[in-house]
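> sequence and computational prediction follow.
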Amino acid sequence: MHGNAQLADRPAETITRSQTLLFAASVGIIVTNLFAPQTLVGLIGPSLGAAPSESGLVSMVTLLGYAAGLFFLVPLSDLVENRALVLRMLGAAALAAAIASFAPSATSLLAVLFVLGAACSCIQVLVPVAASMAPPGQDGRVIGDVMSGLMIGILLSRPLASLVADAFGWRAFYGISAAALALLAILLGLTLPRRRPLAHASYAALIVSLLALLRQEPVLRRRAFTASLAMAAFSVFWTAVALRLSAPPFDLGQRGIALFALAGAGGAAVTPLFGRAGDRGWTRRATIACHLGLIAALGLAVWAGAASAGGSWLPLILMGASAVLLDIGVTGDQTLGRRAVNLLQPKARGRLNGLFVGIFFIGGAIGSLLAGAAWAWGGWNAVCAAGAMFGVAALVMDWVE
């Protein structure tokens, strides 16, 4: 019986390098839809006649849809065949993006972006599928490789959306996204193996079991909490950095800020190293290093903001280095956390991933909210102090553990 259960969870096919790259590219392409609206808000609101106070809903509703998908759609991956679920969610995402490119009003756009965000939660179905295809003892390596694609997608989403909208308008971004999602559905339909889950409960029972999983799994609680703290630090920095870069000594315009965001994507290149560190039993040490990196990155950002221009590139170089170091810390923490969570209960991988990601997205939302208040209260130094506070809290959790 136990052997049959393992076969049900782990596809007979072991993941290849090309499949790993496809998984990484897939999650990277899908996740751009979640963060691109943050840079398109200034264009979407006025074009649809929305009041300035309502424009922020464009970015918020997509993330709300994603959160709803994490808690109500991703658990289906523990109940229904995963390949079919992924393809249906991708089809819905492609259709929603296509409709968004023609949305006539703010109300209709908000409704369709909620659906788009919910459908994009198929990311958290793909990650466990990739992990289940990993050779024994190499789950961390595979998760790290796939996570690198996810983080590159997050970091590139803002500059890419900004550049596309600058050249062709904001509707073009959603049109291009719809085409990319449709192509992705075709490729995954041809290459994804079938993965039948182990759970045999009803959908309602699966949703109710989310709270039970939180109570039963202390590793899930700890890793999700520290991931939420790291994501809060990430959001504090990236929500306010554009404001700082547009002021002296940087004086960057929209395109310059977009190019700066590209530099931060370099931090995702080291993500696979953290997965391998977890496989070698270095999870605790690597996690502490990630949280120390977060604190150091925010300290470096304070230095960059206080540096005088003097006709040199030093302030911008320091700020870029802080962005890369911050991204390394966040992606490392999430990679190690995902690996730990995926090893807990094979039959509940979908629900565990949904809980893990949902909780750290709550941290990201709190960080974004705090960034605006910190900027208004004390400028860039207050923003960095708020981010460092989250890093210190994560470090305290490491020592408590």
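All right, it came through fine. Treat the numbers as computed from the prediction; the structure is a model and nothing was measured.

> which helix or strand contains residue 213?
Applying DSSP states H and E as the criterion places residue 213 in helix 203-216.

> what's the first helix or strand after that helix?
Downstream of helix 203-216 (by DSSP H and E), the next one is helix 218-245.

> show me the contacts for the closest residue in space to residue 225 that isn't next to it in sequence.
Closest residue to residue 225 apart from its sequence neighbours, by CB to CB, 6 or more residues apart in numbering: residue 397 at 6.5 Å. Heads up, the C-betas are built off the backbone N, CA and C, glycines and all. Contact partners of residue 397, counting by CB atoms under 8 Å, 6 or more residues apart in numbering, are 222, 225, 226, 229.

> who touches stretch 267-275?
140-145, 147-148, 151-152, 155, 286, 290, 323-328, 330-332, 335-336, 339.

> any idea how far residue 15 lies from residue 139?
Counting by CB to CB, to the nearest Å, the gap between residue 15 and residue 139 amounts to 10 Å.

> starting at the chain centroid, how far to stretch 394-401?
Centroid displacement of stretch 394-401 relative to its chain, using CA atoms, centre = their mean, to the nearest Å, is 23 Å.

> still on that earlier bit, among the contacts of residue 397, which one sits closest to residue 45?
Nearest to residue 45 among the contacts of residue 397 is residue 229, at 31.4 Å by CB to CB.

> quick one, what contacts that closest one?
363, 390, 391, 393, 394, 397.

> what's residue 105 sitting at in phi/psi?
phi -140, psi 160 (degrees, to the nearest 10).

> ok, it - contacts?
48, 49 are the contacts of residue 105 under CB under 8 Å, 6+ apart.

> switch the cut-off to 7 Å
residue 48 (CB atoms under 7 Å, 6 or more residues apart in numbering).

> so how far is residue 167 from it?
Residue 105 is 25 Å from residue 167, by CB to CB.

> off-centre distance for stretch 126-138?
Here the centre of stretch 126-138 is set off from its chain's centre by 19 Å, with CA atoms, centre = their mean.

> actually, stretch 157-177.
19 Å.

> same question, stretch 230-246
With CA atoms, centre = their mean, you get 15 Å for stretch 230-246.

> try stretch 341-351
Using CA atoms, centre = their mean, the offset of stretch 341-351 from its chain centre is 19 Å.

> buried ones in that stretch?
Neighbour counts over stretch 341-351 (16 or more other CB atoms under 10 Å) mark 341, 342, 345, 346, 347, 348, 349, 350, 351 as buried.

> distance to residue 184, secondary structure and pLDDT added to those, as a markdown table?
Shown next, in a markdown table, are the buried residues of stretch 341-351 (distance: CB to CB, whole Å; DSSP: H, G, I helix; E, B strand; the rest coil; pLDDT from 0 to 100):
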| residue | distance to residue 184 | secondary structure | pLDDT |
| --- | --- | --- | --- |
| 341 | 25 | helix | 87 |
| 342 | 23 | helix | 79 |
| 345 | 29 | coil | 82 |
| 346 | 26 | helix | 76 |
| 347 | 28 | helix | 75 |
| 348 | 27 | helix | 79 |
| 349 | 22 | helix | 75 |
| 350 | 20 | helix | 73 |
| 351 | 24 | helix | 81 |
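
> which of the residues you listed lies closest to residue 177?
Closest to residue 177, out of all of these and judged by CB to CB, is residue 350, at 24.6 Å.

> to which secondary structure element type does residue 249 belong?
coil (DSSP: H, G, I helix; E, B strand; the rest coil).

> quick check: it touching residue 314?
No. If you go by CB atoms under 7 Å, residue 249 and residue 314 don't touch, sitting 9.1 Å apart.

> shared neighbours of those two, which are they?
By CB under 7 Å, 6+ apart, the residues touching both residue 249 and residue 314 are residue 307.

> shaky segments in the chain?
1-13, 38, 41-42, 50-56, 198-200, 254, 264-265, 268, 308-312, 401 (pLDDT under 70).

> domains of it?
1-198, 213-401 (automatic domain parsing).

> and residue 214, how many neighbours?
16 (other CB atoms under 10 Å).

> correct me if wrong: it contacts residue 221.
Yes. At 6.2 Å, residue 214 counts as touching residue 221 under the criterion of CB under 7 Å.

> what is in contact with those two at once?
By CB under 7 Å, 6+ apart, no residue touches both residue 214 and residue 221.

> residue ranges of the strands in the protein, please?
Here the chain has no strands by DSSP state E.

> number of nearby residues for the closest residue to residue 353 other than its chain neighbours?
Leaving aside its sequence neighbours, residue 353 sits nearest to residue 124 (CB to CB, 6+ apart; 4.6 Å). Neighbours of residue 124 under the rule other CB under 10 Å: 27.

> surely residue 203 touches residue 79?
Yes. Assessed by CB under 7 Å, residue 203 is found in contact with residue 79 at 6.2 Å.
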